[in-house]
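Student: sequence and predicted structure are below.
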Amino acid sequence: MRARLHLIAFVCVVAASLTTASRAALAGNETARRDVGSPPPATDTNFGFDFGSYGRVGVGTDLRGHSGYSPQVVSHGARLEKAPYLELSFYYTGAFGKDTDRRWRIVLVPAFAGGDLFHYSGEFTSHFAIRNAYAETANFGARGLSLWVGSRMYRGDDLYLFDYWPLDNLNTVGAGVQYERAKWRFQLQAGLNRLNDLYQYEQLATPPRGFGPAGTATVLDRPRFVASLKLTRQLGDFPGAKISVYSEFHALPAGENVDEKTRVSERLPGDYGWVAGAQLGGWLRPFVFLNLWFRAAGGLSAYGELGVPTSFNRQRRVTNALELVGALSGNWESRWVGVMFGAYVRRFSDPAPGDFNPLSYTEGALAVRPQVYLSNYFHVALEASYQAKKADGLDYVAGRVLLPQVFRFSVMPLVAPLGRGTYSRPSLYLLYTVSVVNDDARVALYDPLDVRFPHGTVHYLGAGVEWWFNSSYR
């Protein structure tokens, strides 16, 4: 089966490349990403088949005879040494009859993530997922109205240096509507998920019934309902600004777990969650921008739509869990220099009672990446970052309150075939990073038997590539 999937994917890539490679290779840098502070791009008017991609691949060593690694003590750390991730974006666009202003589009995005590539591991296995599989319409019913149904990544602007979407980042199977008029944008989405976890779904083996074979009984099946609402107002073009307000609602019905051996049931109460947040963004010209975010999430929403709570209150609920996030991202460009920067602070309060709960913590990170354009296609980037995390209670292993910290400094000479710019992709680069890790970080991250445990200074020397063109940004 895996071999068949690989063959199908290969055929699709070859066919797409033959029909669209020359057009897609030139289309990407200005319009492929919507998270760079510019106004939203005009609605795509290309008809027929189209193709795009996002990808990153890297490899490195720690200069001590081991594979390169990146010590991270926060939930969203620096992205330079992240594991390989690949997306192929396939689109097909058509019109309603002969009215080319009213359009429909199919989006399919298979992706590889979460493992080593074959050439590194020698294992002919892959971690594939379908990140987008949906259909949408544009201007059907009213100009500016879009409808969609399916499975999709549904998100807004990101904090690129940490690969982090501070406000809205949902993975949803459902439906939605968007309406744009006079620089207002209204977005509404609703969907369900049912994780393969005993928190939401359980099946038990059952003995044969009559002359039939043994079977299974579904004893727990409680999908989570997730809805979101976002309202955005754009002010001006270049220079310009936007203000977004955002909310989510999560609801999980009650159910029962059944012990596989004793068949004793345990009731799981229903639960809910909420999100409220806002974004303020401004830009002077393309790729010169500043974004500010604030997000508060409570209950189920504090864990994200794909998260499973690790502890509960006395009623076995998580309604008093709380997440608070403040974040900043910006970019500035000139002919010879570009500077990208970002920072966030995140507070998570666990729902379990107690003032000194080690599962409650405060964390934060900041990074700045200046990039010098030595020529049109050869650049040198430097990145400095700091991250720290502090729990409210004693670490169970160390027997003390830990304050893990990591200081990082990176040098990255790179080749950018599409020219100048911190967001110019593709980018082929060499990378050297030195990380200074304090004792608390080593204790928090590694077992004493781990080959990484003894080292307070961590080196990474490697190479990598990142690209995007015509990529699905939502």
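Tutor: Done, it's in.

Student: and stretch 300-313, which residues are buried?
Tutor: 300-305, 309, 312 (16 or more other C-beta atoms under 10 Å). Backbone N, C-alpha and C define where each C-beta goes, glycine included.

Student: how about stretch 415-433?
Tutor: For stretch 415-433, the neighbour count (16+ other C-beta under 10 Å) marks 416, 418, 420-427, 429, 431, 433 as buried.

Student: all strands of the stretch 301-450 of the chain, in order?
Tutor: 322-333, 337-349, 361-373, 378-391, 405-415, 427-437 (DSSP state E, counting those that start in this stretch).

Student: now render those strands as TSV, adding distance to residue 217 and mean pLDDT.
Tutor: TSV is the format used below for these (distance: least, C-beta to C-beta, whole Å; pLDDT from 0 to 100):
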stretch	distance to residue 217	mean pLDDT
strand 322-333	36	98
strand 337-349	37	98
strand 361-373	40	98
strand 378-391	41	98
strand 405-415	48	98
strand 427-437	49	98
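
Student: those: which one's closest to residue 173?
Tutor: strand 322-333 (23.4 Å; C-beta to C-beta).

Student: rewinding a little: what two of the buried residues of stretch 300-313 have the greatest distance between them?
Tutor: By the measure C-beta to C-beta, 305 and 312 form the most distant pair in the buried residues of stretch 300-313, at 18.4 Å.

Student: and the end-to-end length of stretch 188-198?
Tutor: The stretch stretch 188-198 measures 30 Å between its terminal residues, going by C-alpha to C-alpha, to the nearest Å.

Student: give me the below-cutoff pLDDT ranges for the stretch 101-250 of the chain.
Tutor: Applying pLDDT under 70 to the stretch 101-250 of the chain flags no residue at all.

Student: and the strands in it?
Tutor: Listed in chain order, the strands of the stretch 101-250 of the chain (DSSP E, counting those that start in this stretch) span 128-138, 145-155, 169-181, 184-193, 201-206, 215-221, 224-236, 240-252.

Student: who wins for proximity to residue 395 among those strands?
Tutor: Nearest of the strands of the stretch 101-250 of the chain to residue 395, taken as C-beta to C-beta: strand 169-181 at 29.2 Å.

Student: what is that closest one packed up against?
Tutor: Contacts defined by 3 or more C-beta pairs under 8 Å, 6 or more residues apart in numbering; DSSP states H and E place strand 169-181 against strand 145-155, strand 184-193, strand 224-236.

Student: list the contacts of that strand.
Tutor: By C-beta atoms under 8 Å, 6 or more residues apart in numbering, the surrounding residues in contact with strand 169-181 are 142, 144-156, 185-193, 226, 228, 248, 305-306.

Student: so among the residues you listed, which ones count as buried?
Tutor: By 16+ other C-beta under 10 Å, the contacts of strand 169-181 give 144-148, 150-156, 185, 187, 189, 191, 193, 226, 228, 248, 305 as buried.

Student: no further queries at this time; thank you.
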